[in-house]
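[1] prediction below, plus the sequence it came from.
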Amino acid sequence: MPRIWIKYCQFLMTQPVITKLRRTLDRALMALPVTQHSRIWDVYLQFLKKCKSIETSVRGWRRYARAFPDQTETFIDQLIQWKRYDDAVAQLVKILNDPTYESPKGHSYYQLWINLCDLVCKYPHLITCVDVEKIIRDGLHHFKDHTGRLWCALARYFIRKNMFERVLFFFFFG
């Protein structure tokens, strides 16, 4: 039966009925067994790429990442593209806290950690979902051979937040 759903959803994609299409895709996912969801998700992702509403796309991608956790990095790339840095950081933290996660893109744990540090240091005023200082200090304990880079990341974070007294405190008292 997924063929009927796919044809109907493709037909709806040619019309300007976004809400009806989204609801139909959701109904298709609810009606079909889990083994056939990947066929519907192909159409759903096409819809999300064409969708003009970023909020709808984010919610759809979040649901897709829950169904297929190995695609979380692709979701993170999309979030960065949409300038949703807080959500991207939350997803990165979720990946880093999962010891069973294996990157389909071949990124190591350290590379994912550095991506997280770079995001929080570039956009400190937009990150509210995590305690950045605690995360970087945790990285200092995990990666003893890269402490210089992480201390500099922490300093960049405080400088961009205009917290110069914190920079001096951490450099003198650690």
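    Everything's here; your move.
[2] can you point out the buried residues in the helix or strand hosting residue 23?
    In this structure, residue 23 sits in helix 18-31 according to DSSP states H and E. Neighbour counts over helix 18-31 (16 or more other CB atoms under 10 Å) mark 18, 21, 22, 24, 25, 28, 29 as buried. Yep, even glycine has a C-beta here, placed from its N, CA and C like the rest.
[3] ok, the third one touching residue 47?
    Just to be clear, that refers to residue 22. Yes: in this structure, residue 22 is within contact of residue 47 by CB atoms under 8 Å, at 7.2 Å.
[4] which strand or helix spans residue 46?
    Residue 46 belongs to helix 37-50 when elements are defined using DSSP H and E.
[5] tell me what that helix is packed against?
    helix 2-13, helix 18-31, helix 54-67 (3 or more CB pairs under 8 Å, 6 or more residues apart in numbering; DSSP states H and E).
[6] can you list the buried residues of helix 18-31 in a markdown table and add pLDDT and distance to residue 85?
    Formatted as a markdown table, these follow (pLDDT from 0 to 100; distance: CB to CB, whole Å):
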| residue | pLDDT | distance to residue 85 |
| --- | --- | --- |
| 18 | 89 | 26 |
| 21 | 93 | 28 |
| 22 | 93 | 25 |
| 24 | 95 | 32 |
| 25 | 94 | 27 |
| 28 | 95 | 32 |
| 29 | 94 | 29 |
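[7] got the CA positions of the helix holding residue 23 in CSV?
    Below are the C-alpha coordinates for helix 18-31, written out as CSV (Å, rounded to 0.1, in the frame of the first residue of the first chain):
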residue,chain,number,x,y,z
ILE,A,18,1.2,22.4,2.4
THR,A,19,-0.9,21.6,5.5
LYS,A,20,-2.9,18.9,3.7
LEU,A,21,0.3,17.4,2.3
ARG,A,22,2.0,17.3,5.7
ARG,A,23,-1.0,15.8,7.4
THR,A,24,-1.2,13.2,4.6
LEU,A,25,2.4,12.3,5.0
ASP,A,26,1.8,12.0,8.8
ARG,A,27,-1.2,9.7,8.2
ALA,A,28,0.8,7.6,5.8
LEU,A,29,3.5,7.1,8.4
MET,A,30,0.9,6.1,11.0
ALA,A,31,-1.0,3.8,8.6
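[8] please find the angle between the direction vectors of that helix and helix 54-67.
    Angle, helix 18-31 to helix 54-67, by axes from the mean of the first three to the mean of the last three CA atoms, to 10 degrees: 10 degrees.
[9] so how far is helix 18-31 from its chain's centroid?
    On the basis of CA atoms, centre = their mean, to the nearest Å, helix 18-31 sits 23 Å off its chain's mean C-alpha point.
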